[in-house]
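Undergrad: Just a sequence and a predicted model for now, questions to come.
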Amino acid sequence: GTFLFEGPSDAKEAQALFSSQNIWRNVANQLVNLCVLHGFDGWLVNVETDLVVGGDDGEGGGADAFCQFLTYLQSQMKERVGIHSQVIYYDSLNNRGKFQHQNALLSKQNNKAYFDSCDGIFINYRWFDFGTLARSKMEASSTGGNNNDDDDDDRQFDVYAGVDVYARNCDYDQGLGCKEAVDSATVSGVSVALFAPGWVQEEGPGSNVLPGSEAARCADRTFWTEVLGSIS
């Protein structure tokens, strides 16, 4: 599932949530309940709004509370859903808890505290180059995480390079053009988070055929075969 706050209109609700341990623990428990009830494997936690009031030096301990929330949610998921469960943080905040995509996994003085508090990070789509991914891989391999893997010193595959199949504000083309970014992430030694593969049926070759037909399924298979073909 996706747990999402988005835009200025959600800021007050997000700030209220992380203002109280009792509140965020109750919310985390309900998220786990949903996973148990519906068979989800985990949560993508996407907070694209400010957790603190004011500027970068504004009031509120939103970032610290958010890290505690991620850690608690992860621990409860592992206990009640299973060790396979995942809590993934979407790259959306700076170290103060202000909405600001970092487009990389950076140091503890930036966004690594969020990564250390859960199972992985879904990097925003504008990472663009090998150097950014190499730096992210290096940061992931440093110690300090709360994740439950046996080897916390090597978490390179807990870094997911975001790839948008619609290629919005990206330097590759939509559809099969995103293969370029998938290949870059693979060569760099990190994982891939492929966003909006529905493009195939919504705007791509599958949009001109009957939904659910063999032709639509063939279009989908062709897309996945081409995009993932170079990954061993």
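TA: Right, received. Where do you want to start? Numbering: from 1, shown residues only.

Undergrad: Going by C-alpha atoms from here, please, whenever you check contacts or count neighbours.
TA: Fine.

Undergrad: Surely Phe130 and Thr186 touch.
TA: No - between Phe130 and Thr186 there is no contact under Cα atoms under 8 Å: 10.2 Å.

Undergrad: Between the two, which has more neighbouring residues?
TA: Legend: neighbour count by other Cα atoms under 10 Å for Phe130 and Thr186, higher for Thr186 (18 against 15).

Undergrad: in which helix or strand would I find that one?
TA: helix 179-188 (DSSP states H and E).

Undergrad: How far off centre is that helix?
TA: 17 Å (Cα atoms, centre = their mean, to the nearest Å).

Undergrad: pLDDT of it, averaged?
TA: Averaged across helix 179-188, the pLDDT comes to 92.

Undergrad: Quick check: the gap between Arg96 and Gly189.
TA: 29 Å (Cα to Cα, to the nearest Å).

Undergrad: returning to what we had before: other SSEs contacting the helix holding Thr186?
TA: Applying 3 or more Cα pairs under 8 Å, 6 or more residues apart in numbering; DSSP states H and E, we find helix 179-188 packed against helix 130-140, strand 159-164, strand 191-195, helix 214-228.

Undergrad: Identify each buried residue in it, please.
TA: 179, 181-186, 188 (16 or more other Cα atoms under 10 Å).

Undergrad: Tell me where this protein has helices.
TA: Counting by DSSP state H, the chain has these helices, from start to end: 11-17, 21-38, 62-80, 112-116, 130-140, 179-188, 199-202, 214-228.

Undergrad: what mean pLDDT does the first one have?
TA: This points to helix 11-17. 95.

Undergrad: Would you mark the buried spots in it?
TA: Quick answer for helix 11-17 (16+ other Cα under 10 Å): 11, 14-15, 17.

Undergrad: Show me the contact partners of it.
TA: 5, 23-24, 49-52, 62 (Cα atoms under 8 Å, 6 or more residues apart in numbering).

Undergrad: which residues touch stretch 82-95?
TA: Under Cα under 8 Å, 6+ apart, the answer for stretch 82-95 is 41-48, 50, 63, 70, 73-74, 77-78, 99-104, 108-111, 113-115, 118-124.

Undergrad: ends of it, how far apart?
TA: Start-to-end, stretch 82-95 (Cα to Cα) is 30 Å.

Undergrad: got the buried residues for it?
TA: 85-95.
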